[in-house]
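S.K.: A structural model of the following input is requested.
(one chain, ligands or ions: 1)
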Amino acid sequence: MREVEKRVDDFHSKIIQEHRKKLQTGGVKDEAEIDFVDVLLSLAGEDGEAHLDDKDIKALIQDMIAAATDTSAVTNEWAMAEVIKHPTVLEKIQEELDTVVGRDRMVTESDLAHLNYLRCVVRETFRMHPAGPFLIPHESVRATTINGYHIPAKTRVFINTHGLGRNTKIWDDVEEFRPERHLTGDGSRVEISHGSDFKILPFSAGKRKCPGAPLGVTLVLMALARLFHCFDWRPADGLRPQDIDTSEVYGMTMPKANPLVAIARPRLPSHFYQSS
Ligand code: HEM
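M.R.: Got it, this is the predicted structure:
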């Protein structure tokens, strides 16, 4: 454990050193190049001191990497597993991709707003498999009463988003992966984070809501759009779609108990798969 800690610490030190060197040798010229660490290093403190020391910056980098990577990866794996388990869903996703994007170019970020069925797939994935099944523990700062429940001050509060997605008072056929249930009646864009109805809460809500939600949504949508646009997918040899295992393990995030194994077959013209 100590050895892992040291390796992680060295990795963070290297990131800080590289950024400090860049700042000292003329700084970052193009505003579009400024990243999270550049901003943290440039925060001015009092009496000519830096606002944050290296320990603070390392903690923030670690927090950001931990919060951003596992959540997005777990969501992608669940979405892939559910889609490969439901071949008609894959067909509908690819039909939409062929209509919106076509087969002679790659998906770009500006396409994502128009992929309403894929957005439903991600929303349905969050309903059934929220990356944070109990969000992050919160504590009530003062006593309050919500829906008749008295919550004393300093109570540790967990929000059961996993239960919310399978609550039969809110959803029907809760065990069924059915993206269509999220389509808006008027064809307007399907929101993924949460709506005014709070029927799903993948990123929590309110002032401690995930600050990376827009980036998280884009990362997940973009990865899935490219994977389904570029490849046809089927389960590993010998398995039928319905055999795909969807058992879960609980932890800080809620990954699949067994990693997904699947077979990809290119579906776009061959020049898209050649490295330049
Ligand atoms: C699919 C992707 C993601 C999911 C499902 C997700 C979900 C969550 C959830 C449930 C929380 C806890 C909110 C609460 O306190 O109740 C959270 C917090 C947080 N997330 Fe995300 N997240 C994702 C992506 C990201 C990304 C890409 C970033 C940054 C680039 C990020 C940064 C953070 C940070 C810094 C916090 C802690 C906020 C605080 O201090 O309270 N997340 N996220």
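S.K.: For the stretch 151-276 of the chain, which segments count as strands?
M.R.: Taking DSSP state E, counting those that start in this stretch as the criterion, the stretch 151-276 of the chain contains strands spanning 156-157, 231-235, 262-266.
S.K.: Give me the pLDDT for the residue of the chain found nearest the ligand.
M.R.: Going by CB to the nearest ligand atom, the ligand is nearest to residue 212 of the chain, at 2.1 Å. Every residue, glycine included, has its C-beta placed from N, CA and C. For residue 212, the pLDDT comes out at 94.
S.K.: Equivalent analysis for residue 196, please.
M.R.: Model confidence at residue 196, expressed as pLDDT, equals 73.
S.K.: Just name the most buried of the strands of the stretch 151-276 of the chain.
M.R.: Stretch with highest mean neighbour count among the strands of the stretch 151-276 of the chain: strand 231-235 (a mean of 17; mean count of other CB atoms under 10 Å).
S.K.: strand partners of it, parallel vs antiparallel please.
M.R.: Partner strands and pairing direction for strand 231-235 (DSSP bridges) are strand 262-266 (antiparallel).
S.K.: Let's test this: mean pLDDT of the partner strand, rounded?
M.R.: Confidence for strand 262-266, expressed as mean pLDDT, is 97.
S.K.: List the contacts of that strand.
M.R.: Surrounding strand 262-266, the residues in contact under the criterion CB atoms under 8 Å, 6 or more residues apart in numbering are 80, 84, 227, 230-237, 272-273.
S.K.: One more pass at 7 Å, please.
M.R.: Outside of strand 262-266, the residues within contact range by CB atoms under 7 Å, 6 or more residues apart in numbering are 80, 84, 230-236, 273.
S.K.: What about the residue of the chain closest to the ligand, how many residues nearby?
M.R.: By the criterion of other CB atoms under 10 Å, residue 212 has 16 neighbours.
S.K.: Now the nearest residue to it once chain neighbours are set aside: which helix or strand?
M.R.: Spatially, and ignoring its direct neighbours in sequence, residue 212 is nearest to residue 68 (5.5 Å; CB to CB, 6 or more residues apart in numbering). Of the helices and strands defined by DSSP states H and E, residue 68 is found in helix 54-85.
S.K.: and the angle for that helix with strand 231-235?
M.R.: Between the direction of helix 54-85 and that of strand 231-235, the angle (axes from the mean of the first three to the mean of the last three CA atoms, to 10 degrees) works out to 80 degrees.
S.K.: and the protein, which residues reach the ligand?
M.R.: Residues of the chain lying near the ligand by CB under 6 Å from any ligand atom: 63-64, 67-68, 71-72, 75, 131-132, 135-136, 202-204, 208-212, 215-216, 220.
S.K.: please redo it, this time with the cut-off set to 5 Å
M.R.: Within the chain, the residues that sit near the ligand (CB under 5 Å from any ligand atom) are 67-68, 71-72, 75, 131-132, 135-136, 202-204, 208, 210, 212, 215-216.
S.K.: Now the buried members of the residues you listed.
M.R.: Among those, the ones that count as buried by 16 or more other CB atoms under 10 Å are 67, 71-72, 75, 131-132, 135, 202-204, 210, 212, 216.
S.K.: what's the closest of the residues you listed to residue 38?
M.R.: Nearest to residue 38 out of those is residue 212 (CB to CB; 17.7 Å).
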